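Asks: this is the structure alone, sequence omitted:
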């Protein structure tokens, strides 16, 4: 698969994402459900700790990708839902570091929501991956 960044302006690159990506030669696509800070039984973890929740949500997203034979490097679209945009942004270095190590800056949207499926959850990552 060939990925070509599309950036009519460069400001988003400072925030770790491309405005768009043109994909060519896609063989497989994976649509991931939103991943949150839950354990293997679906119980919320790290109540009140945005950084801990973001780290576990990323771990859970990587687990779904891995189960499909993919990795963070295969993400072509990421949507982040959070109950506290400012707090999420204060911890986005974690997201940037993981995506940076994977060598990707997928198009991304950050949305503030009033709550997620389970009240203790503060952040949810929804991704599309392709190879």
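Replies: On my side now, so go ahead. Everything numeric here is computed off the predicted structure, so don't read it as measured data.

Asks: tell me who's in contact with residue 87.
Replies: For residue 87, the contacting residues are 50, 122, by C-beta atoms under 8 Å, 6 or more residues apart in numbering. In this view, the C-beta of every residue, glycine as well, is placed from N, C-alpha and C.

Asks: isn't there a helix covering it?
Replies: Yes - according to DSSP: H, G, I helix; E, B strand; the rest coil, residue 87 belongs to a helix.

Asks: let me know the pLDDT of it.
Replies: For residue 87, the model assigns a pLDDT of 98.

Asks: against residue 72, how distant is residue 100?
Replies: Noted for residue 100: a distance of 10 Å to residue 72, by C-beta to C-beta, to the nearest Å.

Asks: which one of the two is surrounded by more residues?
Replies: residue 72 (21 against 13; other C-beta atoms under 10 Å).

Asks: mind checking the SS state of residue 78?
Replies: strand.

Asks: oh sorry, the question was meant for residue 53
Replies: Here residue 53 is recorded as helix under three-state DSSP.
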